[in-house]
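Visitor: Attaching a predicted model along with its sequence, questions to come.
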Amino acid sequence: MLFRPTYCAKCGERIERTEWRLWTSRRFCQVCETEHKLQDILAQGVVAAGAICAVVTGVSLISGSREPKKQLTSQSSAARPVALASAGNNAPQIPKPDPPAAPAEPASQAKQKIQAADVQTTSSMSPVAAVRSESAYFCGAETRKGTPCSRRVKGNVRCWQHYGMQAMLPAKDLRLQ
């Protein structure tokens with residue numbers, strides 16, 4: 001059952017209808033309905049379009065896709081580790097071609113070579129992390145509440161809001177561990 005108003009929203013006239021249908025105005029009397037017909041039609045159209053979109057979305061979610069998902073090819077999976085390795089470093093890396101596997105080489109020697117390559121990449125990445133952790137400080141300037149500012153900054157400087165102010169605490173207390 002839809003809403004049936006007692007009075008018109010425009011003129012305040014009492015609304016008395018014998019039959020209420022879907023297309024009758026729910027806000028205006030019969031006189032004001034002719035003036036504001038476009039508003040009622042637009043509102044009903046938006047509601048109808050929303051209902052249609054909801055039904056279509058529900059049907060598409062329920063039915064789903066019956067096609068199997070495509071498998072990744074060996075070329076795209078081989079290129080992916082190179083992209084992930086280069087994502088951690090800012091310097092571009094050139095992908096190295098895989099050497100042909102010799103059947104005479106034991107598996108243990110191959111594992112040792114792989115582990116040695118991993119150690120080289122790990123050691124090259126660690127100085128960057130060490131530089132970041134060395135220079136992390138709190139701002140430390142006095143705030144309106146009278147407490148030290150807790151924003152993180154690079155080096156023993158103040159944040160953008162407290163630029164030029166003095167720190168409340170000594171530098172050793174502002175340094176992050």
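Guide: Right, received. Where do you want to start? Numbering: from 1, shown residues only.
Visitor: Can you pull out the low-pLDDT segments for this structure?
Guide: Within the chain, the segments meeting pLDDT under 70 span 1-4, 20-23, 26-27, 65-108, 110-111, 115-134.
Visitor: switch the cut-off to 50
Guide: For the chain, applying pLDDT under 50 flags the ranges 1, 77-79, 83, 85-86, 130.
Visitor: So which residues of it form helices?
Guide: 30-35, 37-63, 74-88, 107-134, 171-174 (DSSP state H).
Visitor: Now stretch 38-58: buried residues?
Guide: Neighbour counts over stretch 38-58 (16 or more other Cβ atoms under 10 Å) mark residue 40 as buried. In short, each C-beta sits where N, CA and C put it, glycine included.
Visitor: Pull the contacting residues for residue 149.
Guide: For residue 149, the contacting residues are 138, 139, 140, 141, 142, 143, 158, 159, 161, 162, by Cβ atoms under 8 Å, 6 or more residues apart in numbering.
Visitor: Next step: the residues you listed restricted to strands.
Guide: The members of those that map onto strands under DSSP state E are residue 138.
Visitor: And the contacts of residue 149, which is closest to residue 19?
Guide: residue 161 (66.1 Å; Cβ to Cβ).
Visitor: how many neighbours does that closest one have?
Guide: Residue 161: 11 surrounding residues under other Cβ atoms under 10 Å.
Visitor: how near is it to residue 25?
Guide: Here residue 161 is placed at a distance of 55 Å from residue 25 (Cβ to Cβ, to the nearest Å).
Visitor: cool, residue 142 as well?
Guide: Distance check for residue 142 against residue 25: by Cβ to Cβ, it reads 63 Å.
Visitor: Of those two, which one has the most company?
Guide: Legend: neighbour count by other Cβ under 10 Å for residue 142 and residue 25, higher for residue 25 (23 against 15).
Visitor: which residues does that one contact?
Guide: Residues near residue 25 by Cβ under 8 Å, 6+ apart: 33, 36, 37, 40.
Visitor: before we move on, back to that, please pick the buried ones from the contacts of residue 149.
Guide: The buried subset of the contacts of residue 149 - by 16+ other Cβ under 10 Å - is 138, 139, 140, 141, 158, 159, 162.
Visitor: First-to-last residue distance for stretch 169-177?
Guide: Its start and end residues considered, stretch 169-177 measures 16 Å (Cα to Cα, to the nearest Å).
Visitor: Can you list the buried residues in it?
Guide: By neighbour count on 16+ other Cβ under 10 Å, the buried set for stretch 169-177 is residue 174.
Visitor: ok so, going back, between the contacts of residue 25, which has the most around it?
Guide: When the contacts of residue 25 are compared by neighbour count (other Cβ under 10 Å), residue 33 ends up highest, at 18 neighbours.
Visitor: now the residue lying closest to that residue once chain neighbours are set aside: how far from residue 54?
Guide: Nearest residue to residue 33, sequence neighbours excluded (Cβ to Cβ, 6 or more residues apart in numbering): residue 25, at 4.3 Å. Distance, residue 25 to residue 54, using Cβ to Cβ: 25 Å.
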